[in-house]
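[1] Predicted coordinates and the sequence they were generated for:
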Amino acid sequence: MVKFKRCDYFPRGYHDAENELVMRKRTYPDLVSYPNILLHYPFAVYFYTNKENEQLGKDLEEGMHKLAQLGEIEALMKRHELTKSVYPLKNESKTVHISIPNNYITPNPLIKDGRYFIQPQDFKID
């Protein structure tokens, strides 16, 4: 779409940009990342289970809470192929920061908890 001027840009996840540029360099050699703008759009990753297996859902939720308390979610993100490129988190205080509300995300107090979600302040953004 960018190549054919149907759009000027398309946003990517903070963890996606570098990997995608490398993966698509051969096909789209003119594609570049513009690091001076950071869009913040909160979203969550969900596990889905069979509705008839409520215990599995409860066990997964309890396990995720335990992992968060131990810092294991962040530890996994630091070594996982999809997300390790963003660590250490960069100081983005000089970057234009645009917060986009997500009206479709289920209201949850954990959204503001840094053990579960990377927060703008983790990038030195207030």
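    Received, thanks. Residues are numbered from 1 along each chain as shown.

[2] okay, CA-based contacts and neighbour counts for the rest of this
    Will do.

[3] just checking, what packs against the helix or strand hosting residue 63?
    In this structure, residue 63 sits in helix 54-69 according to DSSP states H and E. Contact partners of helix 54-69 among helices and strands, from 3 or more Cα pairs under 8 Å, 6 or more residues apart in numbering; DSSP states H and E: none.

[4] do that again at 10 Å, thanks
    If you count contacts as 3 or more Cα pairs under 10 Å, 6 or more residues apart in numbering; DSSP states H and E, helix 54-69 packs onto helix 72-79.

[5] partner strands of the following helix or strand past the helix it packs on, parallel or antiparallel?
    Downstream of helix 72-79, the first helix or strand assigned by DSSP H and E is strand 96-99. When sheet partners are counted by DSSP bridges, strand 96-99 sits next to strand 37-40 (parallel).

[6] Would you enumerate the residues in contact with residue 56?
    Applying Cα atoms under 10 Å, 6 or more residues apart in numbering to residue 56 gives the contacts 48-50, 62.

[7] could you dump these to TSV with secondary structure and distance to residue 95?
    Below are these laid out as TSV (DSSP: H, G, I helix; E, B strand; the rest coil; distance: Cα to Cα, whole Å):
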residue	secondary structure	distance to residue 95
48	coil	36
49	coil	39
50	coil	43
62	helix	37
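
[8] And these, which is closest to residue 100?
    Using Cα to Cα, residue 48 is the member of the contacts of residue 56 that sits closest to residue 100, with 25.8 Å.

[9] Roughly how far does the closest residue to that closest one other than its chain neighbours sit from residue 117?
    Nearest residue to residue 48, sequence neighbours excluded (Cα to Cα, 6 or more residues apart in numbering): residue 57, at 7.8 Å. As judged by Cα to Cα, to the nearest Å, residue 57 and residue 117 stand 20 Å apart.
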